[in-house]
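Engineer: Coordinates only, no sequence provided:
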Ligand SMILES: Nc1ncnc2c1ncn2[C@@H]1O[C@H](COP(=O)(O)O)[C@@H](O)[C@H]1O
Ligand SMILES: Nc1ncnc2c1ncn2[C@@H]1O[C@H](COP(=O)(O)O)[C@@H](O)[C@H]1O
Ligand SMILES: Nc1ncnc2c1ncn2[C@@H]1O[C@H](COP(=O)(O)O)[C@@H](O)[C@H]1O
Ligand SMILES: Nc1ncnc2c1ncn2[C@@H]1O[C@H](COP(=O)(O)O)[C@@H](O)[C@H]1O
Ligand SMILES: [Mg+2]
Ligand SMILES: [Mg+2]
Ligand SMILES: [Mg+2]
Ligand SMILES: [Mg+2]
Ligand SMILES: [Mg+2]
Ligand SMILES: [Mg+2]
Ligand SMILES: [Mg+2]
Ligand SMILES: [Mg+2]
């Protein structure tokens, strides 16, 4: 899947020194590089040596794009609230990095279902849907109930109390009685972006 | 609240002998009696001595009704699936036992949201809503998002795997981001029926 | 419910920039605004542009009140200890924001039951009771046992060790054998304030 | 502690054959024997060979008493509900087996606090209090708040749903903010009976 | 997705009487019917009235097939052990019911990695891979590491001790560091069969 | 119990301002005051106004002692490791504050059982034993197996990984098969010190 | 390791028909066969066709021994209580099946430490120690503290209440502060028997 | 085991002052000293007085080596990812401290199985294998499936979301269906290094 699209680096937990070396060695190959879960400090150390590096504070992605890939097919990335957008952007930008076209449908949570209803026709045009939600995490199941397209559900750690850092959302999604839904780890936007790209590719081929 | 309405007995875990004695002592006072979580065996032992006792297999309620109370106000009792009806009936019949009028709206789960949308106007006519759901337990939150009336959420133990006997539904309901929702114990139809009656009474007074 | 009372904003997790924009757009409409879970930094940024904003450090609520609504009915807000007052104030001020009259009965925990007994007659004058407790969380159940009014139980994260950040209090409240009690999320003063207002309205109408 | 009082056998999980042998070998020494957690089948096998064996179905204790020890001091054994009596009896009869005088105060749970209040003066005459409760498990903490005597708290597995087989009661008791309370394992009446005897002995010496 | 393929019924927890009625009403429409999680007793009651009903003890699926759909595309269904085959067959037969071609690759668990290595080339010919595993649940992650196709991971409840009825397998799969994997509920063969069909359809269109 | 011994304040979570006020109001009554879980900052604020206040960094206790009570009876306070001493000192100093004589037996954990064996005779001279342990938490059970005196077990949060902040130690102690052991909350030195004093008093009376 | 020693079959969860086939196919090769976790029914079906099969009810092992391997080296298998012997025998007989000499030291739990102390010198003669315990699970850690030999710790599911089916014992063993201890799954006697054999082999080579 | 090899100190949680004293008292005996889990601050305080002390930031080990022990036998220390190296180095350096020869095989996780396959022949030359992994923690089981040598599995706390600080890896390892694997606490490199040394010694003797 990755061939011709570049390399992805998981920055969290890597020492700045180690991370910069990884970026430099890929950079010498003149390929696209995407680093996820990068802190601002990590970005700045990379940027000092590779000024073409860009950083998106929201998704915490640092990128060096040698060539922007053509974007084909369609993936819908939806969120329940605005606090889920950080994770959604990790998914969306991952999908774009690997050549998928992405439609963003943010802040359509089930506590105000009419906003979602007004968007569902558009969402259903996508080959694959990524649904991101924290708190009670009901969004992916409700979307799956209104769509024939596969839904990748992403629980986020947004919430408090009996949310237990995303456990509640995760369980909600695993227990959904709607058809056509599978779940990735809490906050794993990258995983959802990658898998939705695999599915999107099957559709566009 | 109870005065004039009779007595409630929690049958589960009581020996048949002990339970029959409780029923007899209340029966001598010529009042209404409702036993929840009664097994068929318990009912039969009661019925052998008090033939006026009736049993509802679905809700597992055994009742001796001396006089049927007038039913006032309105409580809506909703379920996500058909398997949740047992718990919903415990709620509904408890509310009726204490003099509430009850509207039943069953099998309107969020995996097929349009069924719920077609009923929401009716539901909103109630003073209080009891929403019962297993699996992912998203129904109460979605209803609360479409209603200005207080919602009593009842998680059920219906589900399997990562449902953990209702834990998943319980957490979903506690984490709902909709306004106007509070939660009772897993499968506690009695609690929801009782509290919705308290609220309904405040409205009809 | 909200109509004519203004807007509520959940401040936690929102960037200061984003939050200030939300406040400004509501402020232009000349309505009341209440922000919950606001940090002092968030308040100061809001206050710099909207000097009429007030901040309560205890409840972490930031408010801009254009007109103070008339307060009707009665809600009792009780706490077990003094550390629970922060959450109780979130509940009380939410109820007041939406036009409920509130009686505060703080520090009446079950470890010294006589203080509670001396207040219970007053508490029972309310239409709805909000009972807030951390540690073992027994207060709401004990109150529900002495009252015919609906009790909204709020577990707090106050405690240590086997309290597991409020899990213990939450479970206690869900398992209460008293009649007329339902539970909101750990520390969710807002949810309790809102739902008790819904109930109070039904009573005063 | 045990010297002169006889032997205790934990029957659960032991094969009938093995258990009978243990009873016979102790029986030959002409000492008192108490078996806890005995099934009716186990009792019957013992009774067939040792007809002096007695069985109490409630506490599931099988006993052969050669001499009844003098009972000194005083231990109060209290329960929240009637379903907790099985565990309470294990505690009470253990204490009696080892020579303690026991006062039983059953069904004084916190959902109806006035029953407890009317008994508290009596309870406080004991040297040590065993408080047994299921469901939300609040009884021991409330008693400890009204007493200067040490309280041994025994959570029971009575309850359903979010009770998690006694976990909720256990956590409630561990988190009690009252002074003078310590906890034994769920349903461990034996442990509470034993430890309360140790304390009672210190007082009567 | 379902149109033209028939109806699916979840049999677990339904009363035999209720289930037979559902089957009869679908049967009158002359469509294919598949019931999952059916007990032998449920099957026999259905079979008594609809003798064309067939039962597969392994997968616990009861089917009435009016017409066998053409099978297109390719889905690989793999298991770690032989005990996982029951769940795998639920997935495989669901996919076949909806018109997918299925390749079965059973008993290729990671404790003997060479069996899997010898099959991986074949597996990679599928459009989508369903990987079913209990115990430590490592199979889906290892397959995902050797494939560019999307992997639907199904944890099973096979295991004992610290497996906690499939929780361990579920967590393993959610935490996989391989790319292209998403997870359904423990034992949810139906969910995996359905979603893999959605993906397979996108590929064959 | 407390009468004539002074007042205890739980400092954690109290604002400095509030805490100082509490200390001042007690101080005016010329009684002994003990504050547990006090931070250095809290102590300094108290000390600025009440220079007679003393602080022990190990146990985090701040004290104002008007008169030192006579110390009677004997309580043994034991720890498994040196990291458990902070909690043990909270227990020991609480017991001393209320007039108990205390013997400290620290760092006698079960990984080197011979150190404990050499001290057990001394330990058994006490009326009551407080046993404090983190990591696997086996110490109290081993002591209870070698003693006829009641053991108050205190799990500490010392440990890492699968210790889960003291949960492992807590469970170990609750499951001990030794006779004569009861457990307080994780890190609850105060609770153990208080209850052991109650027991010690019964013995010395 | 296995070469020349025969085959092992995990019987639990296998259909009798399937299991008998596996035994027959191995039996034709004239090698030793050991089946673990076999029910009596499974044994009887095997025995009907292969009368040389033997069954041990305690360990639930069914064996067909063509030749008894020479037993070399030494492994000590210890238990805390008598209820742990079933698991210990699975370990011991597994080790013997693969040619290890085994010393059994049963019922030496830490609640009566002197029994263990009197055996420790013998235990230390082994190359490897398997320590099996339920309830609080402290035995392996205490042995490891008195031995320089590697200890394989086996938690059992023996216990009740807060034991949570062996979770408590498992955590105790993982958190042991003694040196030279590693843990297998709850009730996994086979795993401990196998690994201790691997270690014993290294020593005897 | 330790005799002649020096002393080990667990630095975490010890005050700098206390730690320096321990190091000084051992240092006066002219023996090797190894401190695990040492912070840079702790090292600097030690180094100020004992300039021969060396610090390894990766493993957080501080050492004073009077004489380097001869290294015999062979232990393989493997990791799944680069983030696991910190824990692996604690294991490797502990083994070396006690005289074992160590082969390091890092970053051979199961998501890219071919790297591991190319190293397995080398790994199998060791007497004992330490396998360190975070995230899904599948590495030790896969190695155990390809080796006849005992595997000590070390889960690390590397991961996020449903990893729960290493719980997921721990459970994976405990549930491995491969033969010859036992597990130590999360991040317990020391424990694995020590036990692998015990096993290695048995082999070289
Ligand atoms: N299904 C139920 N779940 C929880 N509590 C119940 C239930 N049914 C009845 N109760 C409560 O249990 C009380 C009777 O308990 P008891 O005195 O044990 O029969 C009733 O008055 C109710 O408060
Ligand atoms: N119900 C009980 N729960 C826990 N421990 C018990 C119980 N009954 C007896 N015991 C303990 O188990 C010991 C007997 O165990 P055993 O030697 O296995 O018969 C007694 O001496 C008590 O210490
Ligand atoms: N084994 C299964 N696990 C989860 N969901 C299932 C299963 N089998 C069927 N379903 C779903 O349950 C629906 C039928 O539910 P019901 O209307 O209760 O019969 C089907 O349309 C599927 O979406
Ligand atoms: N990283 C570690 N994790 C667990 N135990 C350790 C670790 N490092 C050292 N130890 C153990 O802790 C002992 C020293 O503990 P202490 O006496 O508190 O310094 C050593 O002898 C080891 O048994
Ligand atoms: Mg769908
Ligand atoms: Mg609402
Ligand atoms: Mg009430
Ligand atoms: Mg008290
Ligand atoms: Mg892949
Ligand atoms: Mg003892
Ligand atoms: Mg050792
Ligand atoms: Mg192996």
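Structural biologist: Arrived safely. Being a predicted model, the structure only gives us computed values, none of them experimental. Residues are numbered from 1 along each chain as shown, chains lettered A, B, ... in the order given. Ligands and ions are numbered 1, 2, ... in the order given.
Engineer: Adjacent strands (with direction) for the lengthiest strand in chain A?
Structural biologist: Identified as the longest strand of chain A according to DSSP state E is strand A:72-79. According to DSSP bridges, strand A:72-79 forms sheet pairs with strand A:100-105 (parallel), strand A:128-133 (parallel).
Engineer: out of these, deepest packed?
Structural biologist: Most buried of the strands paired with strand A:72-79 by mean neighbour count (mean count of other Cβ atoms under 10 Å in any protein chain shown) is strand A:128-133; its value is a mean of 31. Every residue, glycine included, has its C-beta placed from N, CA and C.
Engineer: what mean pLDDT does that strand have?
Structural biologist: Strand A:128-133 shows a mean pLDDT of 98.
Engineer: what packs against the following helix or strand past it?
Structural biologist: Following strand A:128-133 in sequence order, the next helix or strand is helix A:139-145 (DSSP states H and E). Where contact means 3 or more Cβ pairs under 8 Å, 6 or more residues apart in numbering or on different chains; DSSP states H and E, helix A:139-145 is packed against strand A:72-79, helix A:113-123, strand A:128-133, strand A:151-155, helix A:167-174, strand A:181-183.
Engineer: Give the closest residue to residue A:82 in space, chain neighbours not counted.
Structural biologist: In space, and not counting its chain neighbours, residue A:82 is closest to residue A:107: 5.4 Å by Cβ to Cβ, 6 or more residues apart in numbering or on different chains.
Engineer: now check the helix ranked longest in chain A, is it near chain E?
Structural biologist: Using DSSP state H, we find that the single longest helix of chain A is helix A:189-204. Yes. Helix A:189-204 is in contact with chain E by Cβ under 8 Å from any Cβ of the partner chain, via A:191, A:192, A:194, A:195, A:198, A:199, A:202, A:203.
Engineer: so which of those is the most crowded?
Structural biologist: When the residues of helix A:189-204 next to chain E are compared by neighbour count (other Cβ atoms under 10 Å in any protein chain shown), residue A:192 ends up highest, at 32 neighbours.
Engineer: thinking again about what came up before, the helices and strands packed on helix A:139-145 into a markdown table, with extra columns for distance to ligand 12?
Structural biologist: A markdown table is the format used below for these (distance: least, Cβ to the ion, whole Å):
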| stretch | distance to ligand 12 |
| --- | --- |
| strand A:72-79 | 43 |
| helix A:113-123 | 49 |
| strand A:128-133 | 40 |
| strand A:151-155 | 36 |
| helix A:167-174 | 32 |
| strand A:181-183 | 32 |
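Engineer: follow-up on the earlier one: I'd like the strands paired with strand A:72-79 written out as TSV, with distance to ligand 9 added.
Structural biologist: Below are these laid out as TSV (distance: least, Cβ to the ion, whole Å):
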stretch	distance to ligand 9
strand A:100-105	16
strand A:128-133	16
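Engineer: can you tell which of those strands is closest to residue G:184?
Structural biologist: Judged by Cβ to Cβ, the one of the strands paired with strand A:72-79 that comes nearest to residue G:184 is strand A:128-133, at 38.8 Å.
Engineer: and that closest one with strand A:151-155, angle?
Structural biologist: Strand A:128-133 runs at 20 degrees relative to strand A:151-155, counting by axes from the mean of the first three to the mean of the last three Cα atoms, to 10 degrees.
Engineer: Excluding chain neighbours, what is closest to the residue of chain A found nearest ligand 1?
Structural biologist: Ligand 1 sits closest to residue A:162 of chain A, with a gap of 20.7 Å, by Cβ to the nearest ligand atom. Of all residues not flanking residue A:162 in the chain, residue B:174 sits nearest, at 4.3 Å (Cβ to Cβ, 6+ apart).
Engineer: separation between that neighbour and residue B:137?
Structural biologist: Relative to residue B:137, residue B:174 is positioned 10 Å away (Cβ to Cβ, to the nearest Å).
Engineer: rewinding a little: want to try a markdown table for the helices and strands packed on helix A:139-145, with distance to residue H:97 as columns?
Structural biologist: Shown next, in a markdown table, are the helices and strands packed on helix A:139-145 (distance: least, Cβ to Cβ, whole Å):
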| stretch | distance to residue H:97 |
| --- | --- |
| strand A:72-79 | 51 |
| helix A:113-123 | 59 |
| strand A:128-133 | 48 |
| strand A:151-155 | 43 |
| helix A:167-174 | 40 |
| strand A:181-183 | 44 |
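Engineer: looking at the ones you listed, which is closest to ligand 6?
Structural biologist: Ligand 6 sits nearest to helix A:113-123 of all the helices and strands packed on helix A:139-145, at 11.8 Å, using Cβ to the ion.
Engineer: The closest one and ligand 5, are they touching?
Structural biologist: No. Using Cβ under 5 Å from the ion, helix A:113-123 stays clear of ligand 5, coming no nearer than 11.4 Å.
Engineer: counting contacts, what elements does that helix pack onto?
Structural biologist: Using 3+ Cβ pairs under 8 Å, 6+ apart: helix A:113-123 touches strand A:72-79, strand A:100-105, helix A:139-145, helix B:113-123.
Engineer: What about the closest residue to residue A:37 other than its chain neighbours, how many residues nearby?
Structural biologist: Nearest residue to residue A:37 in three dimensions, chain neighbours excluded: residue A:12, at 3.8 Å (Cβ to Cβ, 6+ apart). The tally of other residues near residue A:12 (other Cβ under 10 Å) stands at 15.
Engineer: ok, now residue A:22?
Structural biologist: As a burial measure, residue A:22 scores 17 neighbours (other Cβ under 10 Å).
Engineer: Now do the same contact list for it.
Structural biologist: Each residue near residue A:22 by Cβ atoms under 8 Å, 6 or more residues apart in numbering or on different chains is listed here: A:9, A:14.
Engineer: Could you look up the SS state of it?
Structural biologist: State at residue A:22, reduced to three classes by DSSP: H, G, I helix; E, B strand; the rest coil: helix.
Engineer: Give me the distance between it and residue H:106.
Structural biologist: For residue A:22 relative to residue H:106 (Cβ to Cβ), the value is 15 Å.
Engineer: What of residue A:178?
Structural biologist: Distance, residue A:178 to residue H:106, using Cβ to Cβ: 43 Å.
Engineer: From the neighbour counts alone, determine which of those two ranks first.
Structural biologist: More neighbours surround residue A:178 than the other of residue A:178 and residue H:106, with 25 against 18 (other Cβ under 10 Å).
Engineer: pLDDT score assigned to the closest residue to that one other than its chain neighbours?
Structural biologist: Leaving aside its sequence neighbours, residue A:178 sits nearest to residue A:144 (Cβ to Cβ, 6+ apart; 3.6 Å). pLDDT, residue A:144: 98.
Engineer: for residue A:144, what are its contacts?
Structural biologist: Applying Cβ under 8 Å, 6+ apart, we find residue A:144 in contact with A:129, A:131, A:151, A:153, A:176, A:178, A:179, A:180, A:181, B:111.
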